[in-house]
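Engineer: please work out how this folds:
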Amino acid sequence: MSSSRGKRDKSTKRNKIKSRTRLRAISIAILLFLISAFFVVISIAPVRLTLEQQKEIQQAEEEFSRAKALNQELQEEIINYQTDEYVEREARRQFGMVRPGEKAYIVIDE
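Structural biologist: Predicted structure coming up:
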């Protein structure tokens, strides 16, 4: 009987050791999972901030491009306003001016 009791004690000790080893492995796995989850959670904010900043940069670049195109149009308009043809056309349109020797007609709507 003592022989079977000794085998039972050894088997129980082995089971306890296996249980502790398994419990230790599960604890380590849970700890690693929690640490990984922690790092994922704390890295979300900087990633989101980076994406928002990239979007703002893209919007600013588009706005700059539109402003640059508008500036180019306005520069061309300024050059056009400085030509003699423009000045003459506007003098005729706004003030009804004519060149010497030309006849001006006024059309009256009734």
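
Engineer: going forward, measure contacts between C-alpha atoms and count neighbours the same way
Structural biologist: Fine.

Engineer: now do residue 41 against residue 58, distance only.
Structural biologist: 27 Å (Cα to Cα, to the nearest Å).

Engineer: the longest helix belonging to the chain: how far from the chain's middle?
Structural biologist: In the chain, with assignment by DSSP state H, the single longest helix is helix 2-81. From the chain centre to the centre of helix 2-81 is a distance of 18 Å (Cα atoms, centre = their mean, to the nearest Å).

Engineer: cool, and stretch 83-98?
Structural biologist: For stretch 83-98, the separation from the chain centroid amounts to 50 Å (computed by Cα atoms, centre = their mean).

Engineer: what residues does it touch?
Structural biologist: For stretch 83-98, the surrounding residues in contact (Cα atoms under 8 Å, 6 or more residues apart in numbering) are 80, 81, 104.

Engineer: state the distance from the first one to residue 90.
Structural biologist: Shown here: residue 80 relative to residue 90, a distance of 12 Å by Cα to Cα.

Engineer: report pLDDT for residue 8.
Structural biologist: As predicted, residue 8 sits at a pLDDT of 68.

Engineer: got phi/psi on residue 108?
Structural biologist: phi -110, psi 120 (degrees, to the nearest 10).

Engineer: burial of it, as a residue count?
Structural biologist: Neighbours of residue 108 under the rule other Cα atoms under 10 Å: 5.

Engineer: how far away is it from residue 39?
Structural biologist: 82 Å.

Engineer: and for residue 53?
Structural biologist: Taking Cα to Cα, one finds residue 53 at 22 Å from residue 39.

Engineer: check residue 16 too.
Structural biologist: Counting by Cα to Cα, the gap from residue 16 to residue 39 is 34 Å.

Engineer: and if you look at residue 72?
Structural biologist: 50 Å.

Engineer: what angle do helix 2-81 and the following helix or strand past the longest helix of the chain make with each other?
Structural biologist: Remark: after helix 2-81, the chain's next helix or strand is helix 84-95, criterion DSSP states H and E. In terms of direction (axes from the mean of the first three to the mean of the last three Cα atoms, to 10 degrees), helix 84-95 departs from helix 2-81 by 80 degrees.
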